[in-house]
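Novice: I'll drop the sequence and a predicted model, then ask my questions.
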Protein chains: 2
Amino acid sequence: MSVSAERTPSVNQPMCPSRLVLEHVTSRWGVLVLAALLERSYRFSELRRTIGGVSEKMLAQTLQTLERDGFVHRDAKPVIPPRVDYSLTPLGREAADQVWGLARWTERRVDAVHAAREAYDEARS
Amino acid sequence: MSVSAERTPSVNQPMCPSRLVLEHVTSRWGVLVLAALLERSYRFSELRRTIGGVSEKMLAQTLQTLERDGFVHRDAKPVIPPRVDYSLTPLGREAADQVWGLARWTERRVDAVHAAREAYDEARS
């Protein structure tokens, strides 16, 4: 097999591994976890309170996926009671920089989106 | 009700409308559609070929959601055979600027993610 068989990664290719990475970073809870951790490190329970609506199971699963991808560092402190802190790795910080901007943009522009939806629905009623 | 009842939008609030906007923009196909349209306008069939793996139904649904949110402009040309072009609105361009960077970052860093996963799996085997 020639070297050219190694294609440039493209998220538009369904089998390209970059698509799966994109899906982890943009997953419902992945976005919110990365954006929160860009501001500071969190303990599990704090993070769960910060990200409204996430279940314990989904948060644990999201953190594990992000840890395995090398985005999140899990620091289990040998203290009593046990204490686990989550923070971003340098790679995770890069990912979080991207999604943080997206999250803040969404909050800034939600009114414009609402106006667009009203116009859309009105034109079709 | 006092004015202060209108809270600042926050994607961390489960009922905040900004969270739903974020979910549309970061949906599996929404990300890829916005990133593709940032480069140029597309006809439906072209877009479907560009974004590997998307079904006709999912692409149509994604485009309709993004159109209703005010991100995508649908231009049905009165010609035979019918021709429909999709492009970004100025608001959609803002959203796409955010996700385009994320998509390209993912492609650039996929190897680092793979290395992290291998190290993670190795440490646990």
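Specialist: Now that the structure is in, tell me what you want to look at.
Novice: All the helices of chain A, residue numbers only.
Specialist: Along chain A, counting by DSSP state H, helices occupy A:17-25, A:28-39, A:44-50, A:56-68, A:90-123.
Novice: and the angle from the first one to helix A:90-123?
Specialist: Interaxial angle, helix A:17-25 versus helix A:90-123 (axes from the mean of the first three to the mean of the last three Cα atoms, to 10 degrees): 80 degrees.
Novice: Give me the buried stretch members for helix A:17-25, please.
Specialist: Neighbour counts over helix A:17-25 (16 or more other Cβ atoms under 10 Å in any protein chain shown) mark A:17-19, A:21-25 as buried. (Each C-beta comes from the backbone N, C-alpha and C, glycine too.)
Novice: Redo those as TSV? Include pLDDT.
Specialist: As requested, the buried residues of helix A:17-25 are exported to TSV (pLDDT from 0 to 100):
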residue	pLDDT
A:17	95
A:18	96
A:19	96
A:21	96
A:22	97
A:23	96
A:24	97
A:25	97
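Novice: Within reach of chain B, which of these are there?
Specialist: Among the buried residues of helix A:17-25, the residues lying close to chain B (Cβ under 8 Å from any Cβ of the partner chain) are A:17-18, A:21-23, A:25.
Novice: still on that earlier bit, turn the helices of chain A into a markdown table, including distance to residue B:115.
Specialist: Formatted as a markdown table, those follow (distance: least, Cβ to Cβ, whole Å):
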| stretch | distance to residue B:115 |
| --- | --- |
| helix A:17-25 | 12 |
| helix A:28-39 | 19 |
| helix A:44-50 | 26 |
| helix A:56-68 | 12 |
| helix A:90-123 | 10 |
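Novice: how far away is residue A:66 from residue B:120?
Specialist: Noted for residue A:66: a distance of 11 Å to residue B:120, by Cβ to Cβ, to the nearest Å.
Novice: again, but for residue A:97
Specialist: With Cβ to Cβ as the criterion, residue A:97 and residue B:120 are 22 Å apart.
Novice: same check, this time on residue A:13
Specialist: 24 Å.
Novice: and what of residue A:81?
Specialist: Distance from residue A:81 to residue B:120, counting by Cβ to Cβ: 26 Å.
Novice: Okay, residue A:101 and residue B:89: tell me how far apart.
Specialist: The gap separating residue A:101 from residue B:89 is 19 Å, by Cβ to Cβ.
Novice: same question, residue A:64
Specialist: On the measure of Cβ to Cβ, residue A:64 and residue B:89 end up 38 Å apart.
Novice: Tell me which of the two has more neighbours.
Specialist: Between residue A:64 and residue B:89, counted using other Cβ atoms under 10 Å in any protein chain shown, the more crowded position is residue B:89 (19 against 13).
Novice: which strand residues sit across from the nearest residue to the more buried one once chain neighbours are set aside in the sheet?
Specialist: Distances taken as Cβ to Cβ, 6 or more residues apart in numbering or on different chains place residue B:73 nearest to residue B:89, at 5.1 Å, with adjacent residues excluded. In this entry, residue B:73 is beta-bridged to residue B:87, by DSSP bridges.
Novice: can you count the residues close to residue B:73?
Specialist: The burial count for residue B:73: 16, using other Cβ under 10 Å.
Novice: so who does residue A:109 touch?
Specialist: Residue A:109 is in contact with B:21, B:91, B:94-95, counting by Cβ atoms under 8 Å, 6 or more residues apart in numbering or on different chains.
Novice: let me redo that: residue A:43
Specialist: A:83-86.
Novice: Relative to chain B, how far out is it?
Specialist: Using Cβ to the nearest Cβ, to the nearest Å, residue A:43 is found at 16 Å from chain B.
Novice: Beta-bridge partners for that residue, please?
Specialist: Beta-bridge partners, per DSSP bridges, of residue A:43: residue A:85.
Novice: From residue B:13, how far out is it?
Specialist: 21 Å.
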